[in-house]
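Q: Predicted model and sequence follow; I will ask about them next.
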Amino acid sequence: MRIGILQTGHAPDALRAEHGDYPDMFTRLLAGQGFDFVTHDVEAMEFPASPHDAGGWLITGSRHGVYEDHPFIPPLEGFIRAAVDAAVPVVGICFGHQIIARALGGQVEKFVGGWSVGACDYRIEGRPFRLNAWHQDQVIRPPDGAETIGSNDFCAHAALIYGDRAFSVQSHPEFDSGFIAGLMQTRGAGLVPDDLLDAARARLDLPTDSDAMAARIARFFTERR
């Protein structure tokens, strides 16, 4: 099955030599699941011709806010709506989680409670998940037809499902602890409060459930429609 990666941002230049860019991380995350991948740099306005150009679509994270004025955001929202209407499965991660919600009528804001950084504990579909996070924006109000299936005390809508059409999570299963540590060095200082960075550093060695989330994403892509 071919998965189209809709790339909405890039990893920091200083981290790419060691960790790769976001499509590389998703290729590693979903390795062994029977997929091949094609990447479209939608941030650079490189869009697929049709939602049917792939068997499923995965929308990456980004440093941008979905409510910001960037040329790629309106056509990306239109593409999401077209894919959902065509029953081509869409998965969103962080920014991807937020842009799906916004494209379908939900509300996304810069969260007044601040940042979530590093390994965080969630309950998703009735089971505990520990996944890495890096965000301040949140889905505040999911769109009609979305079901909240994951949350914690900080993030009320940490995972959403839209029947068999879309599935999204606010966290970053594709980020390992080394990349989180690199983000704290390259993007965190002066942006994220020091106490949150210190707390995230103290949790860098905790195991995460990225493999379990990768399996869940794969099941969503391949389940019958």
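A: Yes, it's here.

Q: contacting residues for residue 155?
A: 116, 120, 122, 133, 138, 170 (Cβ atoms under 8 Å, 6 or more residues apart in numbering). The C-beta positions use only the backbone N, C-alpha and C, and glycine is treated the same way.

Q: what's the spacing between the spatially closest residue to residue 10 that is not a sequence neighbour and residue 148?
A: Nearest residue to residue 10, sequence neighbours excluded (Cβ to Cβ, 6 or more residues apart in numbering): residue 21, at 5.7 Å. To residue 148, residue 21 is 30 Å away according to Cβ to Cβ, to the nearest Å.

Q: More neighbours: which of the two?
A: Set side by side, residue 21 and residue 148 show more neighbours around residue 21, with 18 against 13, by other Cβ atoms under 10 Å.

Q: For that one, give me its contacts.
A: 7, 10, 11.

Q: now that we have those, which one has the most neighbours?
A: residue 11 (24 neighbours).

Q: what's the spacing between that one and residue 174?
A: Taking Cβ to Cβ, one finds residue 11 at 10 Å from residue 174.

Q: Residue 165 now?
A: For residue 165 relative to residue 174 (Cβ to Cβ), the value is 22 Å.

Q: Of these two, give the one with the bigger neighbour count.
A: Set residue 165 next to residue 174 and count neighbours by other Cβ under 10 Å: residue 174 wins out with 27 against 21.

Q: would that one count as being in a strand?
A: No: the assignment for residue 174 is coil, going by DSSP: H, G, I helix; E, B strand; the rest coil, so no strand is present there.
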